[in-house]
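> Provide a 3D model corresponding to the input given below.
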Amino acid sequence: MKNALYVLLGVLAGFVLAGVLIFVARAPAGEPVVLLPAPTKAPVAVHVIGAVPRPGLYEFAEGARVQDAIDAAGGILAEANVDAVNLAALLEDGQQLVIPYQDGSVPSEEPLVDLPSSTEEPTNNSGTELININTAGVDELDTLPGIGPTTAQKIIDYRTENGPFASIEDIMKVSGIGVSTFDNIKGLIKI
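Modelled structure (predicted):
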């Protein structure tokens, strides 16, 4: 009788163990939880032209003002008619922000850089000297729109490892500088 009791206890323990294994090994019920990124709004793209040192296309967070766009374009030139611009106006996506000159002239969309003569240094239309990307330091490169201290250091590291840039377009080989950044700085740099 003792043997039958042991056999019965063994069979019962086997059923309990099989039940536990089935419970643990079964597929989880329900749908998996999927984490989605926080919703972010698309940036507002604004084309700034006119009496600013660095006209071009700039991106801002929603709620940015005209003053933010002017600051991104390097401020206002001395020849600008500031009274004709509402600095507190909200920027809209796809807007062209025209900063007029005091003489009332309409800004043209001509290139920023005049072709230099063989005896003078190239300058942009605000009269400031262009930045030489083959010799400029971090502080000088950091003044370019879209180039912060980290990217400026990447430019220096790239030219240290690969030699001087052969053309201004070669700056796009630096990690972090794409076509849009290049479009914003191409009129401000030289080799």
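
> Quick check: nearest residue in space to residue 42, chain neighbours excluded?
Distance criterion CB to CB, 6 or more residues apart in numbering; nearest residue to residue 42, sequence neighbours excluded, is residue 93 at 7.5 Å. The C-beta positions use only the backbone N, C-alpha and C, and glycine is treated the same way.

> partners of the lengthiest strand in the chain in the sheet?
Longest strand in the chain, counting residues (DSSP state E): strand 44-50. Partners of strand 44-50 in the sheet, by DSSP bridges, are strand 56-60 (antiparallel), strand 95-99 (parallel).

> most tightly surrounded among those strands?
Mean neighbours per residue, mean count of other CB atoms under 10 Å, is largest over those for strand 56-60, with a mean of 19.

> Which SSE is immediately downstream of that one?
Tracing the chain past strand 56-60, the next element assigned as helix or strand by DSSP states H and E is helix 66-72.

> Run through the neighbouring helices and strands of that following helix.
strand 44-50, strand 56-60, strand 95-99 (3 or more CB pairs under 8 Å, 6 or more residues apart in numbering; DSSP states H and E).

> Give me the distance from the second one to the chain's centre.
Using CA atoms, centre = their mean, to the nearest Å, the distance from the centre of strand 56-60 to the centre of the chain it belongs to is 10 Å.
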